[in-house]
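Student: fold the following, please.
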Amino acid sequence: MKALILTSMQPSLSMEHRVGITHRFQLFLDAIAQVARAVRIVHIVPEALVAAQGDLAALSRQQSAFWGREVAVSLIPRRVRGETAFDHYARGVARAAEQPPFSSFAGPEQAARVARMVGAEAPELLFVHRMQAMCALLRAGPEVARRAGRMFFDLDDVEHRVQVRSVLAPPRWPGKLAYLSHIPALFAAERRGAMLAERTFVCSERDRVHLARLGVPRVAVVPNALPMPAVPPGVCAAPVLMFIGAYEYPPNAEAAERLVRRVFPLVRRQVPGARLLLAGKGAEGVGALASGVPEGVEVLGFVPDLAGLYAGTRVVVCPLSNGGGTRLKLVEAALYARPIVSTRMGAEGLDFADGVEVVLRDDDAGFAEACVALLRDDAACARLGAAARVRAEGAYEAGRIVARVRGMMAPG
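Tutor: Okay, the predicted model is just below:
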């Protein structure tokens with residue numbers, strides 16, 4: 001069987017690109033590679049990257065090494081257009097492909113190239129990775145999707161919910177609120193994509209139920225998952241909190257801002273020696289650090305040694321107040337048996353019980369108090385971490401999830 005994967009994600013070039021979206025992509029690629037004899041990944045990427053990448057055979061070899069699966073790679077250049085106020089706001093009212101998050105992936109030329117690629121490859125299995133790529137396919141026309149033997153769609157985040165939350169989150173201004181006019185067209189595109197697909201995948205039962213209530217058919221849950229570390233570290237004696245993420249993603253940057261400005265100072269009042277680690281790319285751009293890094297805060301950047309990072313962390317924190325999907329950072333922390341303090345939004349969609357596998361607090365004072373309690377209580381840290389690891393092993397271990405997806409994609 002021949003498989004074609006259509007994605008808006010750029011080719012991953014180093015371990016620094018191992019973030020949530022790439023971990024999830026790996027789950028599907030592993031499952032597809034187990035049922036297909038040949039896999040081609042089509043990336044819709046910036047035009048400069050297409051121009052710079054003259055040797056697609058070399059890129060295919062590099063990507064095969066990165067993913068641990070033999071793949072061929074093709075590139076489609078993204079759309080470039082002048083962005084007037086009419087383009088930015090009005091065009092997206094009628095068509096999701098014209099909305100700012102999707103327009104560069106789904107112009108007429110991108111759609112035409114997708115149609116030609118599907119026609120040339122004649123795949124028995126077509127996998128559409130996220131809504132940006134689906135917009136290009138929808139613009140190409142439903143007959144293009146039907147040329148493939150079977151089609152699967154990873155919606156991942158329910159985009160219309162993410163958009164509504166983002167628009168309604170403070171601060172608000174008229175131009176931001178105008179994006180609400182895009183929501184009907186965006187949901188219509190999500191539903192059209194799901195109607196074409198044999199299965200549409202989301203990352204939580206909460207999202208599946210939401211779509212089912214709206215009449216979206218054949219939705220299945222594929223949770224975000226990771227390989228399980230063989231031996232988790234013991235409780236860290238040092239009073240160290242850690243937040244990890246890609247800070248170019250606005251909800252992560254907002255969470256780091258909240259930690260540095262409002263939560264961590266409350267922790268330091270009660271535990272003067274406490275430290276806060278900000279791990280992941282882009283933390284230096286967080287606004288709260290613009291005038292200098294406060295005492296006790298450490299900006300680590302990308303950390304290749306995750307085992308060492310978690311061994312030196314006592315409590316993992318996740319004070320998110322926006323975003324969608326499920327947080328792979330919490331799955332990772334649980335697999336390393338770290339106690340977790342999170343907001344309810346941060347833990348949304350994950351099967352972790354408050355007070356058993358995670359501590360959930362939404363206000364700054366309560367969040368800080370929960371962190372302080374764990375910094376002072378070794379037994380509570382050990383109990384929460386062990387329970388979280390057991391839950392994560394059963395629900396979010398990568399091998400089990402890949403086997404589940406393979407079963408849905410296997411012929412017959």
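Student: nearest spatial neighbour of Arg344, skipping sequence neighbours?
Tutor: Closest residue in space to Arg344, ignoring its immediate chain neighbours: Leu360 at 5.3 Å, by Cβ to Cβ, 6 or more residues apart in numbering. All C-beta atoms are positioned from the backbone trio N, CA, C, and that covers glycine.
Student: the one you found: what's it in contact with?
Tutor: Neighbour list for Leu360: Ser342, Thr343, Arg344, Ala347, Asp354 [criterion: Cβ atoms under 8 Å, 6 or more residues apart in numbering].
Student: so how do I select the buried members of these in ChimeraX?
Tutor: In ChimeraX, a selection of the buried entries from those looks like this (16 or more other Cβ atoms under 10 Å):
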select :342,343,347
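Student: in strands only, show me the contacts of Leu360.
Tutor: Applying DSSP state E to the contacts of Leu360, the entries found in strands are Ser342.
Student: if we can go back for a sec, quickly note the distance from the residue nearest to Arg344 to Arg261.
Tutor: Leu360 sits 21 Å away from Arg261, taking Cβ to Cβ, to the nearest Å as the criterion.
Student: same thing with Cys236?
Tutor: From Cys236 to Arg261 the distance is 25 Å (Cβ to Cβ).
Student: likewise Gly312?
Tutor: 24 Å.
Student: now Gln34
Tutor: For Gln34, the distance to Arg261 - Cβ to Cβ - is 47 Å.
Student: coming back round to it: looking at Cys236 and Arg261, which has the bigger crowd around it?
Tutor: Neighbour count, other Cβ atoms under 10 Å: between Cys236 and Arg261, Cys236 has more, with 19 against 15.
Student: got the contact list for that one?
Tutor: Cys236 touches Ala311, Gly312, Thr313, Arg314, counting by Cβ under 8 Å, 6+ apart.
Student: in the chain, which helix is the longest?
Tutor: helix 378-395 (DSSP state H).
Student: name the helices or strands packed onto that one?
Tutor: helix 328-335, helix 364-375 (3 or more Cβ pairs under 8 Å, 6 or more residues apart in numbering; DSSP states H and E).
Student: could you export that helix as PDB, CA atoms only?
Tutor: This file holds the C-alpha atoms of helix 378-395, laid out as PDB (Å, rounded to 0.1, in the frame of the first residue of the first chain):
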ATOM      1  CA  ASP A 378       8.400  14.600  50.100                       C
ATOM      2  CA  ALA A 379       5.700  12.000  50.600                       C
ATOM      3  CA  ALA A 380       3.100  14.000  48.700                       C
ATOM      4  CA  CYS A 381       5.600  14.500  45.800                       C
ATOM      5  CA  ALA A 382       6.300  10.800  45.700                       C
ATOM      6  CA  ARG A 383       2.600   9.800  45.900                       C
ATOM      7  CA  LEU A 384       1.400  12.200  43.200                       C
ATOM      8  CA  GLY A 385       4.300  11.400  40.900                       C
ATOM      9  CA  ALA A 386       3.900   7.600  41.100                       C
ATOM     10  CA  ALA A 387       0.100   7.900  40.600                       C
ATOM     11  CA  ALA A 388       0.600  10.100  37.500                       C
ATOM     12  CA  ARG A 389       3.100   7.700  36.000                       C
ATOM     13  CA  VAL A 390       0.700   4.800  36.400                       C
ATOM     14  CA  ARG A 391      -2.100   6.700  34.800                       C
ATOM     15  CA  ALA A 392       0.100   7.900  31.900                       C
ATOM     16  CA  GLU A 393       1.500   4.500  31.200                       C
ATOM     17  CA  GLY A 394      -2.000   3.100  30.800                       C
ATOM     18  CA  ALA A 395      -3.400   6.000  28.700                       C
END
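Student: next structured bit after that helix?
Tutor: helix 398-409 (DSSP states H and E).
Student: how about residues contacting that next one?
Tutor: Against helix 398-409 from outside (Cβ under 8 Å, 6+ apart): 26-28, 30-32, 34-35, 125, 150, 152, 199, 201, 220, 222-223, 225-228.
Student: swap in 7 Å and give it another go.
Tutor: Helix 398-409 is contacted from outside by 27-28, 30-32, 34-35, 125, 152, 199, 220, 222-223, 225-227, using Cβ atoms under 7 Å, 6 or more residues apart in numbering.
Student: what helix or strand is Val359 on?
Tutor: Element membership of Val359 [criterion: DSSP H and E] is strand 359-360.
Student: note down every partner strand of that strand and its orientation.
Tutor: Applying DSSP bridges to the sheet, strand 359-360 is found paired with strand 340-342 (parallel).
Student: quick one: the partner strand to chain centroid distance?
Tutor: Its chain's average C-alpha position is 19 Å from that of strand 340-342, according to Cα atoms, centre = their mean, to the nearest Å.
Student: buried set for the helix or strand His43 falls within?
Tutor: For His43, the host element (DSSP H and E) is strand 38-45. If you call a residue buried by 16+ other Cβ under 10 Å, then strand 38-45 has these buried ones: Val39, Arg40, Ile41, Val42, His43, Ile44, Val45.
Student: Leu6 touches Leu137, doesn't it?
Tutor: Yes - the pair Leu6 / Leu137 is scored as a contact, 6.5 Å apart, by Cβ atoms under 7 Å.
Student: no further questions, thank you.
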